[in-house]
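> What would the 3D arrangement of this be:
(one chain, ligands or ions: 2)
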Amino acid sequence: MAKDALRVLVTGAAGQIGYALVPMIARGAMLGPDQPVILHMLDIPPAAESLNGVKMELVDAAFPLLKGVLATTDAVEACTGVNVAVMVGGFPRKEGMERKDVMSKNVSIYKAQASALEKHAAANCKVLVVANPANTNALILKEFAPSIPEKNITCLTRLDHNRALGQISERLNVHVGSVKNVVIWGNHSSTQYPDVNHATVVTQGGEKSVRELVANDQWLNGEFITTVQQRGAAIIKARKLSSALSAASSACDHIRDWVLGTPKDTWVSMGVYSDGSYGVPPGLIYSYPVTCEKGEWSIVQGLKIDEFSRAKLDATANELVEEKTLAYSCLS
Ligand SMILES: NC(=O)c1ccc[n+]([C@@H]2O[C@H](COP(=O)([O-])OP(=O)(O)OC[C@H]3O[C@@H](n4cnc5c(N)ncnc54)[C@H](O)[C@@H]3O)[C@@H](O)[C@H]2O)c1
Ligand SMILES: O=C(O)C[C@H](O)C(=O)O
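Numbering: from 1, shown residues only. Ligands and ions are numbered 1, 2, ... in the order given. Okay, here's the model as predicted:
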């Protein structure tokens, strides 16, 4: 029997990530090739005409899975009945800016949209915050939408995870699909810690450790980490715009794995509400290795954390504690 359509909200849908993301959702890249969707697209009034143009293109593309499109500048209308909310709306970082610089503009948006989601989304709506500062926007959304279960509010670090897979794949000259179980710890910022200590490459002869295959700890502990940490800035420098197609694709990966489950013996990175696992202060949205099953994520437990990693996990946690304080000062 055909499935009922799910309603997917994309905020900031007239922006560049939105423009890349909505056709991916309409093609089934987010919820599966047999899952009909109704898209709810929100943007602000100055972008209304452009948003309507995106709607026209969605109609013109005649996607078989797309059962309806709502384009609106009204947050309540946009949030009503949604099963999945992808929060992309906000102001992007420009060349030379740190994420902290976009904090004051964006956290107030997330406070306001929290209450629209809390009051009007479907029960058990899954929320993914993409807009920067992604972890702290998600935390603000969680704090101002207290009736949404905290496990339903996440932020995007899957792009960083995919970037780490990409760097290892290029270094070893193996297909990216054979590299797995990297971890992005912490903040979606330049303090994030891309960790390959548990990562493997699947070969015909079984799984091999990335650290052993690369056989160059200096590269893995140095250039590899900074390349992943600085990739967003490198894209901004190259395009004069922040990443969009890779962000949209990673947002689809994040929701797909959350809803449909992670592959066997494979974890992914998601920004989730910290319960204190791995000595991270509780009450932050922190990126952890997770597996997903039946629509629920759980943090992978028991990974060995060496001294080098410990310092990096703590540094990115400290930045999130600072961001939280700063966010509250912007809201007061
Ligand atoms: N987490 C990640 O991995 C990741 C990756 C790339 C970009 N980003 C972030 O995603 C966000 C969007 O990036 P972009 O390149 O699409 O930016 P963009 O400027 O092209 O689009 C943002 C859109 O949001 C809209 N908007 C602004 N305020 C809004 C509001 N209150 N409600 C609804 N819509 C609103 C704007 O009108 C615009 O259309 C930025 O914050 C960017 O830094 C995050
Ligand atoms: O780095 C940025 O500001 C853009 C985005 O978060 C990215 O990682 O590409």
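> Can you tell me the centre-most residue of the protein?
For the chain, the residue nearest the mean C-alpha position is Leu156 (1.3 Å; CA atoms, centre = their mean).
> Tell me the confidence at that residue?
For Leu156, the pLDDT comes out at 98.
> Okay, now the unreliable bits of the chain?
Within the chain, the stretches with pLDDT under 70 are 98-100.
> let's see 50
For the chain, applying pLDDT under 50 flags no range at all.
> quick one, longest strand in it?
strand 285-293 (DSSP state E).
> next structured bit after it?
Next helix or strand after strand 285-293 toward the C-terminus (DSSP states H and E): strand 296-299.
> buried ones in that next one?
Within strand 296-299, the residues scored as buried using 16 or more other CB atoms under 10 Å are 297, 299. C-betas here are computed from N, CA, C, even on glycine.
> Next: stretch 111-124.
By neighbour count, with 16+ other CB under 10 Å as the criterion, the buried positions of stretch 111-124 are 111, 113-114, 116-118, 120-121.
> From the chain's centroid, how far away is it?
Remark: stretch 111-124 is offset 19 Å from the chain centroid, using CA atoms, centre = their mean, to the nearest Å.
> ok, the residue in the stretch 1-150 of the chain positioned nearest to ligand 1 - contacts?
Closest approach between the stretch 1-150 of the chain and ligand 1, counting by CB to the nearest ligand atom: Gly15, at 1.9 Å. Applying CB atoms under 8 Å, 6 or more residues apart in numbering, we find Gly15 in contact with 43, 47, 88-89, 92.
> so how far is Ala199 from it?
From Gly15 across to Ala199, the span is 33 Å (CB to CB, to the nearest Å).
> Residues of the stretch 151-300 of the chain that sit close to ligand 2?
Residues of the stretch 151-300 of the chain found near ligand 2, taking CB under 6 Å from any ligand atom as the criterion, are 159, 232-233, 235, 242-243.
> Include neighbour count and secondary structure when you put the residues you listed into a markdown table, please.
Output for these, formatted as a markdown table (neighbours: other CB atoms under 10 Å; DSSP: H, G, I helix; E, B strand; the rest coil):
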| residue | neighbour count | secondary structure |
| --- | --- | --- |
| Leu159 | 24 | helix |
| Gly232 | 23 | helix |
| Ala233 | 16 | helix |
| Ile235 | 17 | helix |
| Ser242 | 18 | coil |
| Ser243 | 22 | coil |
